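Participant: compute the structure for the input listed below.
(one chain, ligands or ions: 1)
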Amino acid sequence: MKAAALLLALAASTHATVLTPDNYDDLTQDKSVFIKFFAPWCGHCKKLKPTWDILIDEYKGHKDILVADVDCTAEGKPLCDANGVKGFPTLKYGDPSDLQDYQGGRDEKDLKKFASEKLGPQCGVKNLDLCSDEKKAQIASFQAMGAEKLGEFIGEQEAKIKELNENFSKQVEDLQKLYEGYMKDKEAAEAALKGQGLGLAKAVRKSLEATTDEL
Ligand SMILES: *[C@@H]1O[C@H](CO)[C@@H](O)[C@H](O)[C@H]1NC(C)=O
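Facilitator: Okay, the predicted model is just below:
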C-alpha cells in the first residue's frame, strides 16, 4: 500500500509543473507558455489530464517552451483570477504576461500540432530580433528610463489598476443598493395594490362566473 502511494507520488512529480503566484515569474521567464487552468474535481479536467501530461513531458526542460498547470482551487487561484478564468479546464498560451485563449481541439494530435507550430521564442528583452518596431521602441524607452524611474512607473501603473478595481467594487456595491431600493419600492407598490382588494375582487369574479355557468 505504501509502495503504491509512493509510486503514485513519484509518477505525479515527474509531470507537475504547477504554477503559483510565487513561482510564475521565475518559471515562465523568457518562455512561450501553454497553460491548463484546472480544478481537480472537474470531469473535463480529469479527462484531459493524461493527454496534457504527455505534452508537459514532451516539453520538459525545453529552452523556450513551458507547458504547465495551474490549480485554481489551490495556491494558483490568484493566477486564475488575474487571467479571467471562468470555466475548467481553460487553456491559454503565449507570452506569460499576456496570455491568449486557446480555442482549438483538445486531443493529443491537435495540442501537439499547436504547440509545435505556435509556441516558441517570442519577442522580449532577450529576443529583440523577434519584436516589431513598435515593441523595440517601447523596450528601448524603458531601458533608457533606468531601474529607479522604471520602478516608479511600474508602481504608478499598479496603483492605478488597484484603484480601478476598488472603484469597480464600489460601483458594484452602489448597484446592489440601487437594486435593493428598486426591489423595496416594487414590493411596497405591489402590496398597496393588493391591499385595495385584488384578492377579494378575484374571489367575487369567480363566484359570479360560477353563477353564470349554472344558468
Ligand atoms: C476612481 O474613482 C474616483 C472617484 O470617482 C476617480 O476620481 C478616479 O479617477 C477613479 N480612478 C480610476 C483609476 O479610474
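
Participant: domain parsing for the chain?
Facilitator: The record's domain split for the chain, according to automatic domain parsing, is 2-131, 148-196.

Participant: select, out of the ones you listed, the one closest to the ligand.
Facilitator: Ranking the domains of the chain by their distance to the ligand (criterion: Cβ to the nearest ligand atom) puts domain 148-196 first, at 3.8 Å. Using the backbone N, CA and C atoms, a C-beta is placed for each residue, glycine as well.

Participant: so does that closest one get close to the ligand?
Facilitator: Yes: using Cβ under 6 Å from any ligand atom, domain 148-196 reaches the ligand at 160, 163-164, 167.

Participant: so which of the domains of the chain is nearest Lys202?
Facilitator: domain 148-196 (10.5 Å; Cβ to Cβ).

Participant: now the closest one: average pLDDT?
Facilitator: Average pLDDT, domain 148-196: 95.

Participant: could you give the separation of that domain from the chain centroid?
Facilitator: When C-alpha coordinates are averaged (Cα atoms, centre = their mean, to the nearest Å), domain 148-196 and its chain have centres 22 Å apart.

Participant: likewise for stretch 68-85?
Facilitator: That offset, for stretch 68-85, works out to 7 Å (Cα atoms, centre = their mean).

Participant: how about that stretch: buried residues?
Facilitator: Under the neighbour-count criterion of 16 or more other Cβ atoms under 10 Å, stretch 68-85 has 68-72, 76-77, 79-80, 83, 85 buried.

Participant: now stretch 23-31
Facilitator: 24, 27-28, 31.

Participant: what's it in contact with?
Facilitator: Under the criterion Cβ atoms under 8 Å, 6 or more residues apart in numbering, residues 17, 19, 64-66, 68, 79, 96, 124, 126-127 lie in contact with stretch 23-31.

Participant: do that again at 7 Å, thanks
Facilitator: Contacts with stretch 23-31, where a contact means Cβ atoms under 7 Å, 6 or more residues apart in numbering, come from 17, 19, 64-66, 79, 96, 124, 126.

Participant: which SSE is immediately downstream of the helix or strand that contains Gly151?
Facilitator: Assigned by DSSP states H and E, Gly151 belongs to helix 133-193. Moving toward the C-terminus from helix 133-193, the next helix or strand (DSSP H and E) is helix 199-214.

Participant: check the gap between the closest residue to Gly105 other than its chain neighbours and Val67 for me.
Facilitator: Once flanking residues are discounted, Gly105 sits nearest to Leu111: 7.5 Å by Cβ to Cβ, 6 or more residues apart in numbering. Using Cβ to Cβ, to the nearest Å, Leu111 is found at 9 Å from Val67.

Participant: what residues do those two have in common as contacts?
Facilitator: Leu55.

Participant: ok, the spatially most central residue of the chain - contacts?
Facilitator: The residue lying closest to the centre of the chain (Cα atoms, centre = their mean) is Val85, at 1.6 Å. Residues near Val85 by Cβ under 7 Å, 6+ apart: 37, 72.

Participant: flag the least confident of the buried residues of stretch 23-31.
Facilitator: Lowest pLDDT within the buried residues of stretch 23-31 is found at Lys31 (90).

Participant: remind me which residues of this protein are low pLDDT?
Facilitator: Applying pLDDT under 70 to the chain flags the ranges 1-16, 213-215.

Participant: please consider this matter closed, and thank you.
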